[in-house]
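Peer 1: My questions concern the predicted model and sequence given below.
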Amino acid sequence: MTPDPLLEELIDRTCALVPDQAHMVVAPEEGALLTFLVRLLGARDIVEVGTFTGYSALCLARGLPAGGSITTCDVSAEWTALAREFWTRAGIADRIRLRLGPALETLRALPPEPHLDLAFIDADKPGYIGYWEELVPRLRPGGLLLVDNTLFSGQVIEDEPGEKAAAVHAFNEHARRDDRVQMVMLPIADGLTMARRLPPARLPAPPGPA
């Protein structure tokens, strides 16, 4: 993978701004995968939960075709100010709609019908199940829902995981039982779950005349 000077600078600036939270930036190989998946799907309508300093949104936006857009959610004006700077420098700021405030409120304000091509969850771990339940019904058939940190450094399989790891474990079990999607977990970075929205189940045809 060819190093990207702008993304590398964003990581450095994030480390300087919030050194204790800098680990929340997605790994470079994961960012490259996000761009690839957007292009592979031909995605035009994307939602991201968890913007932080904008690395993943930048990667997603780079894959969009003309006219495509991302709605991305966060609660920090400070962190997202850095994101806005780098989106502008990357020339993709016009593709990103930042919504500051509780993500569940933003998601519930979206049209309820299936319309999203791709969604990416990388935010507070106890909120994962709630975000999933708002996003799955809004994905079009064949749309993709990506969820980050689902391995959580292996802590999800410990007998007594911490609070965040326990929340991720509960989410993994919840998602595994969801028959609305076809799912796979990739051992990339800290674990990336990919869930493809299946078409709604068809009711059996009524019996013909006797």
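Peer 2: Everything's here; your move.
Peer 1: Where does the prediction get shaky in the chain?
Peer 2: 1, 202-210 (pLDDT under 70).
Peer 1: quick one, strands of it?
Peer 2: Ranges of strands in the chain, per DSSP state E, are 45-49, 69-74, 96-100, 116-121, 139-148, 181-186, 192-197.
Peer 1: Same list, the ones you listed, but as TSV with distance to residue 89 please.
Peer 2: Where C-beta positions appear, they are placed from N, C-alpha and C, glycine not excepted. Formatted as TSV, these follow (distance: least, Cβ to Cβ, whole Å):
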stretch	distance to residue 89
strand 45-49	19
strand 69-74	17
strand 96-100	13
strand 116-121	21
strand 139-148	24
strand 181-186	30
strand 192-197	26
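Peer 1: Tabulate the ones you listed in TSV, adding columns for distance to residue 133 and mean neighbour count.
Peer 2: Compiled in TSV, the strands of the chain are given as follows (distance: least, Cβ to Cβ, whole Å; neighbours: other Cβ atoms under 10 Å):
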stretch	distance to residue 133	mean neighbour count
strand 45-49	12	26
strand 69-74	15	23
strand 96-100	18	17
strand 116-121	11	25
strand 139-148	11	21
strand 181-186	12	14
strand 192-197	12	21
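Peer 1: hang on, isn't residue 193 packed against residue 185?
Peer 2: Yes - judged on Cβ atoms under 8 Å, residue 193 makes contact with residue 185 at a distance of 4.9 Å.
Peer 1: overlap in contacts of the two?
Peer 2: 150, 172 (Cβ atoms under 8 Å, 6 or more residues apart in numbering).
Peer 1: Quick one: residues contacting residue 188.
Peer 2: Residue 188 makes contacts with 27, 29, 30, 33, as judged by Cβ under 8 Å, 6+ apart.
Peer 1: Show only the entries of the residues you listed found in helices.
Peer 2: Taking DSSP state H as the definition of helices, those contribute 29, 30, 33.
Peer 1: So among those, which ones count as buried?
Peer 2: The neighbour-count test (16 or more other Cβ atoms under 10 Å) marks 30, 33 as buried among the ones in helices among the contacts of residue 188.
Peer 1: Relative to residue 104, which of the ones in helices among the contacts of residue 188 is nearest.
Peer 2: Nearest to residue 104 among the ones in helices among the contacts of residue 188: residue 30, at 24.3 Å, using Cβ to Cβ.
Peer 1: For residue 174, see how far away the residue nearest to residue 99 when sequence neighbours are not counted is.
Peer 2: Nearest non-adjacent residue to residue 99, counting by Cβ to Cβ, 6 or more residues apart in numbering: residue 106, 4.5 Å away. For residue 106, the distance to residue 174 equals 21 Å [Cβ to Cβ, to the nearest Å].
Peer 1: Who has more neighbours out of these two?
Peer 2: Taking other Cβ atoms under 10 Å, residue 106 and residue 174 do not tie; residue 106 has more neighbours (19 against 13).
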